[in-house]
Structure formats: C-alpha cells, structure tokens
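Asker: based on what follows, work out the 3D shape:
(chains A and B)
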Amino acid sequence: MSAQPLLEIENLQTYFHTDEGTTKAVDDVSFGLKAGRTLGLVGESGSGKSVTSLSVMQLLPEFVSSIEGQSKISFLGKDLVRLPRDEMRALRGNDVAMIFQEPGTALNPVYRVGEQVAEAIRLHHGASKQEALDRTIALFEEVGIPDPSRRIMSYPHEMSGGQKQRVMIAMALSCDPKLLIADEPTTALDVTIQKQILDLLAKLQLERNMGVLFITHDLGVIAEIADEVAVMFRGKLLEYGPVEEIFANPKHGYTRGLLACRPRLEMDWRRLPTVSDFVEVETDDEGTVTISERDEKIAQDDPRYTRGRGRLLHPIAELKELETVHDASKLDELCGDDVHFAEGEPLLEVKGLKVWFPIKKGILRRTVDHVKAVDGISFNVYEGQTLGLVGESGCGKTTTGRAMIRLQEKTEGTVRFRGKDVHELAGDDLKAFRRDVQIIFQDPYGSLNPRMSVGAALREAMEIHGIGSGLEDRNKRAAKLLEEVGLLPEHLTRYPHEFSGGQRQRIGIARALAVEPKLIICDESVSALDVSVQAQVLNLLKDLQEQRGLTYVFISHDLSVVKFISDMMVVMNAGKIMEQGPSDAVYASPKEEYTQRLISAIPDGGLELVKERVAARKKARAEASS
Amino acid sequence: MWAYIARRIFSASIVLTLAIFLVFILINEVGDPAASTLGPNAGPEAIADFKAKQGLDRPLMVQFASFLGVGRCVREASPAWSEDDSERGYCGLLQGDFGESFSHNEQVASVIGNRLPRTLLLGIVALVFELLLGLGVGIFAALRRNTLIDTGLMSAAYFGISLPTFVTGPIFLIVFCFLYGWFPLGGYGIDAADHLRHAILPGLTLAIIGAATYARVMRGELVEVLQSDFVRTARAKGLPASRVSMHAIRNALIPIVTMIGMSLPLLVGGAIITEKIFGWPGMGMLAIESIANLDSPVVMGVVVVFAVAVQIGNLIADIAVAALDPRVRLDASG
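Answerer: Numbers count the residues shown, from 1 in each chain, chains lettered A, B, ... in the order given. As a prediction, the model looks like this:
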C-alpha cells in the first residue's frame, strides 16, 4: 500500500542575512512526506528544523531571510517557493496548517478562543458567523475540550496549557488541512498532557488521512508517532529513513549521540553520554559547518558512564518508615554494592509544611477561600544527597522549593536547616542561611540580569557574602568557577545575551556556587534545555556534587530526569505528597496510581516500542481503509 | 467592578484631601492673600478688616475645615454665615461652595464654570489631533517598518517632540493667520462653530508633542507585537494582512491607553503657554492670574479641579485597559 506524495522538499537552502554575515539556517535539505504519514523532524535548537517548517509555510521572518535559488518545496504539485503571495495565503490555514510550541503565546490574548478558530473557517469557507461558531463547537468536541459551547467564549488565559494546545489543534484542523505541521507541540506541556495530545493527533491523522510534519528535539516523542525520521543538525540533514531503521541502526554518530544522551527510565548509568562524545563540529570563517563523526560505540558497562558514586539513601530506620520500602525484602534489593545510607541528623527537615494563598473578594477584600498550593508535606534531606521533587505543573513543587528557602512565607509547619527553623531566622543567621542555600532557576534567559556582565554577576554574590578580598581576588575566583562549570575565563567580561541557553544555565550554576553553598535547589533547571545540552548540565551537576559535597533538591516535572539524578524521590500532586522513597524503588514499584501514570506517560524511546507502534499504525490504517 | 470603583473613590478622596491641604497651607502660610489683594496702599486696619471678613484671622485648621465643609463657615459673605456661632452653617466643598474670589466679585464656582468648558474644548480638540496623528502615523510606520517611509515619519516625530509650544505656536500664528488668514488670530469666538474654529490652531499646537510621542510609542509597541507568536498564528491561518494587523493593533493599544489616561489631566491644566499665545481664556490663564494675585479661593478651586481630573483620568485609563485586555481584572488589583 503506497500513499501519494504530499510534500517534497528538494535542496532547501534558507539563509539569514544579518549585519554579522550570512547564516545557513537550512543548508541543502531534501525529504518527502506522504499523505496519512508522519515525518518526524528531529534536531536541537539551532538545527534549522523550525526554519524548515516556516519555509514550507512561507512564514519566515521578513527582511532578513531568503530561500536560495535551487530550493524547491512542492506541495500537491505546487511550488510553494515561487507561488504568488495571494495563492500562498489561500493555502495557509486551509490545505496546510500549523501548530506551534508555546500554546501560551500562540493564541491572541485579547480575543475569545472560539472567535480565533471561527475566523479561519469564515475566511476560507465563506461560512456565516453562526455556521463558523457551530463548526468551532464541533471541533472543540472533537479535540476533547469539555463543555465546548461554553468554552468557545473563554479567553486564552482562562485555559490550561493542554487545553490551549487543543484549541490550536482545533484551529489547525478547522479547514481540513491535508498537511499539518506541528512544531514542538508538546514540549511545553506536562508528560501526561503530552501523551493525551500525541494520542489525539494520531487519532485525528488516521481519521482525516493527513500528512503530519512533526518537529521535535525529543527522540522519545518521535518513537511514539513517526513513520519516517529526518535528523537535522546545524542546518544539515544528517540522516533520513524509516523510524525502525533510525532506532535500530542509526548511521550517523549524531543520531547515536542523541539516542544515548536522553536519561532513560530503565537505564542505571551514573553519567549521561553527550552528543560531543559522538561528533565534532567545526565552523570556519565563512560560516560553513563541518561535522565529523567520532568512532563511538557505547556499551552498557562503559566505564565512562558507570563511574561516580552510587545512591545515598536515608538512614535505614527512616527508610523503613517510608511506605515504599516497608517490607524488608525490598530493602535488601536496594542494598547494592554502591548504595550508602546517610547518618546523623538531616541537613534540611520539612515538617507539615503548608503554603496557602488567600482568595479575596468584595469591597473589604475579605478572604473567602484558599488555594492550597502546598498542603501539609514532610520530608528530609541529608547532607550530600540529591532529593528529587517530581510532579506536574501546579502540583506545588515550585512553591515548596521557594518556601524551603524562605522566598515564600509559609502558612504552617516548619522548615529546619541544620536544626534551625528557617522561617524564624534573623540577622546574621539569616545571612548565613542565604549563603548556604542557593537556587538555580528554570529559565536561563530570564534569570540573568541582561545589563550585568558575567563577572559582575558572580562578583556581586561574593561581595554580599564577603567572599574573597577585593576585585582582583574575586575575579580570580570567578574565572575559576567558570572553568569549573565548563566555560572559559574570557567569558567574564561578556553579557548574558552572548551565550546559548545551555551556557547561560552554566552561568546560573556558577553564580550559585560563587558563595560556596551547602544546599542548592534546582528548580526545573534543565527543563528548558535541549536533551543533548540537558545531558551535559546533568553530568556537570553530578560532578560538582562529588567535588564539593553538595546537597541538591532537584525539582522537575520529568520523572526520568529525576530518577537519573536523585537518590530519593518525592512525588507530589495537588499540594500533597503521593509517595516518597529511594528513586529506584519508587520507579521499580510505584505504590500510587498517580506515580504509575507519570511513569507510563514518559515516552521511553526504546526500539521495542518503536516496532510496536509501527505495527499498530499499520493495522489501524488497514482497518481504516477497508 | 463596582467594588473596585468604590475602593478607588475611597483612596482618591484621601489623596485629594492631602493635595488640597498641602496647597492650602502653602498659599495661606507662605503668602499673605489679604495684603496682596488690597494692594500696597492698604492700611493695617483695612487688612485686619478684610482678614476678619474672610475668616483669615482664624486658626489655619479651622479655615481648612470650613473650606472642606466639615467645619462651620468662617466667611462673612457666605449665606451660611451668622453672628451667632451656634447657628452658623457650612460653606465648603462638601456643600458645593468654592467660596468667593478676592479679586473679582464673583463666586469661584462661576469663574471656573466659565473657564472649564473652554479649556475642555481646547483639550478635546488637542486630544483628537493627538490620537488621529499619533496613532495613525505610528500604525502606518509600524506596518512599513524599516522602510524609508518609516524612517522619515519617525524622524519627523522626533523633531515634533523636540519642538516646544512656544516655538510652534507663534510659527502657526505667523503662517496660518498672518500669511494665509485661514484661522482667526486668537481669542475664543462668539458661537459654537466659531469657538471650534478658534480652537483648531491652539489645539494643533498643543497636540504636536503628544502626537509625536504617541506615534513613536505606538510604532514601537506595534513592531514588537507584530513579532509575537500569535501574529504568526494569525498569518498561519491564512488571514489577509489587514486582519493580521487588527490582531496586532488591539494588543499594541493596551499600553498606549494607559499613557493616554495618564495624560488626560493635561487636557484640563496643561495648556498654560498655549492659552497665553493664542489669547485663549481658559483654566491655564486663570491659574496664572490667580496665583499672581494670591487670590486664594480661586487658586484652591483650580487645584481641586486639577486634582479631581488626575484621579478621573487614572480611573478611566484603568477601566479602559480592563475593557481592552481580558487578562486584567479590576477586582483582583488595587
């Protein structure tokens, strides 16, 4: 059964022309997509995958970008590169539709969502206002938005991220497109929501026989949905083929690196391979990129990935009290060669912590109710340990982190650091606490002052806490810190905008380390990073922990990352702790259904799963066509 | 919404009382209204007599309470006055009584009632020019960003911001009145149509700086909004350029509306120089004259009107922003 070709891209070259010169954002890329099939376009930021999709849509940024002479993008026999503007506009939203990464910003905040969907229907189908609204309601129903006739009147800010993405999908489907371009449509969503959206897309694709160009940096997602895969890196297409082949026998070193660097749930490596273990990239003066492969084979027992300290768990007596390990046989299972147990008092002790936000109403603004962001949670963190705090957005994990270091006032309960109540500290004690405990935030773009050089940012932290003497000494320390986090001393005089996302996160880490803290809270610190960069930062955090004896509280929505880095894991939902225990034990035998759901929603990206999914799709297509 | 407005009115009344109190102390403690009203030839007896009649010899707080209308009246000329202390009524702001001017034999309320509509007319004409020119040029330039037209318009706007009214006003007078005779030389006119004709040149003079500012801000906002994700979504839907622009403009207007609201009080009191140049008998002229004469009842009246205008302008701006932007909920703020 061969499907008809829908989209053919030949020798696509999209260049950006700026004052600093020409960037070959997409350099000679060719691939094709058939109706009813999904092509997964994989790559990290800067790989040119989004530019490729915007080239298809002819939505490239004006003035600076150009599609070069040889390029051809043919869609149903039309050459999109040379199509007159009006004809292209008539195609957009009609035969070719697109959904974007950030549902939060992709919808216009001042229009009702129903209006925004109906608008396209009225435009392309000449429907009346009422017809368009009726069709919108039906679409909302189809994409699984509850109570659609009421929801069309909502504004974007009144909906959750997952619902907004469903609105985007409804909008894209509104004119029955033949080609759907999905640019990282699930990256900004929780894993459980991601799974729902992927399932929905697969269902809609089958019903409508759409071709889907699915863009992502996450091979795990690709494994779930793609029929064919194109791997892009630095504007070049490195590998292109059926999904089973890419996963079973990746030809290019970069693909192998990408497959290896993702923390997988079933794997128990201590460190992650990184893409730079597999490929070497050189850029010459004219901006031409040369990618050379390293001959790399990774084995399960490769010493590079298995070295490092094992797990550091709570004292045995305390572990027994935690539900996950209450029977003795499980405890034995945990006691491997390199499992250690903490001794003495916990470094940080959270007991019955509650953080409630009041809801105020009326002229006198009386408190009528509370949002119980954190609702009575208790856990301990021992020195040198990594404790993972995992849960979906809105579960209260970030508020917990903030209350732990007193960036947020508590409502009830205690947080003790070295036995002292954090919320009672004052004067010198508070200052010492502020030095001992640091935080690394999620967004490496927003959390660095753009007008402060890296050196100034690092020195400021040292000055406040009286570390080092004088400018020269602090500069020396700052340079050493930068080297420690994998940057260069020359970077001291540069400003944040000159760095990539991964580099900025390293700066954030250096800034936290500048005051020689004991405990670092990592609040979604790797969530905004590409998988390959994420692997580097996770390795860095592990190295620093060993060298400096740091204690981490690692907050993340990604259970696979938390399982990789944490000794102990706390699973949170709706302000409460669902379960806690050693990470490996929680993963191996989750007690709560909620934890199981979190685990099963993570795309595992294994070859078995790929084969299973491909077979299931074939069967579904056969059923649909008969 | 109503709860919000009620809270705003409450906080506004506190701010108003404070502002009025400060000016009241300044004018009565720093200056000597009696001496400056009666002139240099007045003897001490005449001054004392004037002070007694106007209640200026009473303690300052008693005068202030009387002015607000929360204390018994101290002015003999007021109908609420009585020789008998227990029968004296109230004659302050709360009763709608602004007092009587020292220099004209006229109620302050009627002086202001005479001047305020004129200033409002001038202000509204200026506002219309500001919005038409400012927003129009800003949007036009943003939609043609990085072209020669854009650069030209923005340079012109920059030039406009740099021109003070005491330069543009006389230039307009010379060109449009003396040379071409299109507009009257100055003054206020005799009937409604004539008032409007007289208001156009001073209105335009008054509008230039505001229009140039709005043009630059509007252009900047719109250029930024045009790069946002939802504009890309609108284009991906296949919307024609005009509809895409509408999506962007509505978002770009939100910060502009706040700016306009903040500048509303200027409509009432910002035209002192322009009124002088064009001989427009409005609040600005009144403020200058009464301050020069230390005609404290009139000064206080002008201050009250300005202060109320500031509060109303801000309230209107906040309500307008909430109407434009569904994310802003009045009840949740303030």
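Asker: how long is stretch A:209-221 from one end to the other?
Answerer: Distance between the boundary residues of stretch A:209-221 (CA to CA, to the nearest Å) amounts to 20 Å.
Asker: quick one: is that stretch near chain B?
Answerer: No. Residues of stretch A:209-221 are not located near chain B by CB under 8 Å from any CB of the partner chain, the shortest gap being 13.2 Å. Heads up, the C-betas are built off the backbone N, CA and C, glycines and all.
Asker: give the buried residues for that stretch.
Answerer: Of the residues in stretch A:209-221, A:209-221 count as buried by neighbour count, 16 or more other CB atoms under 10 Å in any protein chain shown.
Asker: can you check stretch B:87-100 too?
Answerer: Of the residues in stretch B:87-100, those buried (16+ other CB under 10 Å) are B:88, B:90, B:91, B:92, B:93, B:97, B:98, B:99, B:100.
Asker: measure the residue positioned nearest the centre of chain A to residue A:519 for me?
Answerer: Centroid-nearest residue in chain A, with CA atoms, centre = their mean: residue A:527, separated by 4.2 Å. Here the criterion is CB to CB, to the nearest Å. By it, residue A:527 lies 20 Å from residue A:519.
Asker: residue B:108 too?
Answerer: 68 Å.
Asker: picking that back up, list the contacts of the residue nearest to the residue nearest to the centre of chain A when sequence neighbours are not counted.
Answerer: Excluding the flanking residues, the one nearest residue A:527 by CB to CB, 6 or more residues apart in numbering or on different chains is residue A:442, at 5.6 Å. Contacts for residue A:442 (CB atoms under 8 Å, 6 or more residues apart in numbering or on different chains) come out as A:523, A:524, A:525, A:527, A:528.
Asker: so residue A:442 belongs to a strand, correct?
Answerer: No. Counting by DSSP: H, G, I helix; E, B strand; the rest coil, residue A:442 is located in no strand; its state is coil.
Asker: residues contacting residue A:131?
Answerer: residue A:121.
Asker: in what helix or strand does it lie?
Answerer: Taking DSSP states H and E as the definition, residue A:131 sits inside helix A:129-142.
Asker: need the next SSE after that helix, C-terminal direction.
Answerer: According to DSSP H and E, the helix or strand after helix A:129-142 is helix A:148-151.
Asker: what angle separates the helix or strand just after that next one from helix A:129-142?
Answerer: Per DSSP H and E, the first helix or strand lying C-terminal to helix A:148-151 is helix A:161-173. Using axes from the mean of the first three to the mean of the last three CA atoms, to 10 degrees, the inter-axis angle of helix A:161-173 relative to helix A:129-142 is 130 degrees.
Asker: what is helix A:161-173 packed up against?
Answerer: Under the contact definition 3 or more CB pairs under 8 Å, 6 or more residues apart in numbering or on different chains; DSSP states H and E, helix A:161-173 sits against strand A:96-99, helix A:103-106, helix A:113-125, helix A:129-142, helix A:191-208.
Asker: what's the last one packed up against?
Answerer: Under the contact criterion of 3+ CB pairs under 8 Å, 6+ apart, helix A:191-208 touches helix A:161-173, strand A:179-183, strand A:211-216, helix A:219-225, helix A:593-601, helix A:607-625.
Asker: give me the element the residue lying closest to residue A:108 once chain neighbours are set aside is part of.
Answerer: In space, and not counting its chain neighbours, residue A:108 is closest to residue B:230: 4.2 Å by CB to CB, 6+ apart. Element membership for residue B:230, per DSSP H and E: helix B:229-236.
Asker: got the angle for that helix vs helix A:113-125?
Answerer: 30 degrees.
Asker: can you tell me which of the buried residues of stretch B:87-100 is nearest chain A?
Answerer: In terms of CB to the nearest CB, no member of these lies closer to chain A than residue B:93, at 24.5 Å.
Asker: narrow the contacts of residue A:442 to those in strands?
Answerer: In strands, defined here by DSSP state E, the members of the contacts of residue A:442 are residue A:523.
Asker: okay, who's weakest in the contacts of residue A:442 by pLDDT?
Answerer: In terms of pLDDT, residue A:528 ranks lowest among the contacts of residue A:442, with 77.
Asker: run a quick neighbour tally on residue A:121.
Answerer: 24 (other CB atoms under 10 Å in any protein chain shown).
Asker: show me what stretch B:144-158 is in contact with.
Answerer: A:63, B:137, B:140-142, B:211-213, B:215-216, B:219, B:223, B:226.
Asker: let's see 10 Å
Answerer: When contacts are defined by CB atoms under 10 Å, 6 or more residues apart in numbering or on different chains, stretch B:144-158 is touched by residues A:62-64, B:133-134, B:137-138, B:140-143, B:208, B:211-220, B:222-223, B:226-227.
Asker: for it, buried residues please.
Answerer: For stretch B:144-158, burial by neighbour count (16+ other CB under 10 Å) applies to B:145, B:150, B:153, B:154, B:157.
Asker: closest one to chain A out of the residues you listed, please.
Answerer: residue B:145 (8.6 Å).
Asker: from residue A:440, how far off is that closest one?
Answerer: 38 Å.
Asker: what do you get for residue B:45?
Answerer: Distance from residue B:45 to residue A:440, by CB to CB: 81 Å.
Asker: so these two - more neighbours on which side?
Answerer: A direct count of neighbours by other CB under 10 Å for residue B:45 and residue A:440 places residue A:440 higher, at 25 against 8.
Asker: need the nearest residue in space to the more buried one, chain neighbours excluded.
Answerer: residue A:525 (4.5 Å).
Asker: residue contacts, the one you found?
Answerer: By CB under 10 Å, 6+ apart, the neighbours of residue A:525 are A:439-444, A:447, A:505, A:508-509, A:512, A:534, A:537-538, A:541, A:552, A:554-556, A:561.
Asker: generate a PyMOL selection restricted to the buried entries among these.
Answerer: In PyMOL, this line selects whichever of these come out buried by 16+ other CB under 10 Å:
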select buried, chain A and resi 439+440+441+442+443+444+447+505+508+509+512+534+537+538+541+552+554+555+556+561
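Asker: appreciated, that's everything.
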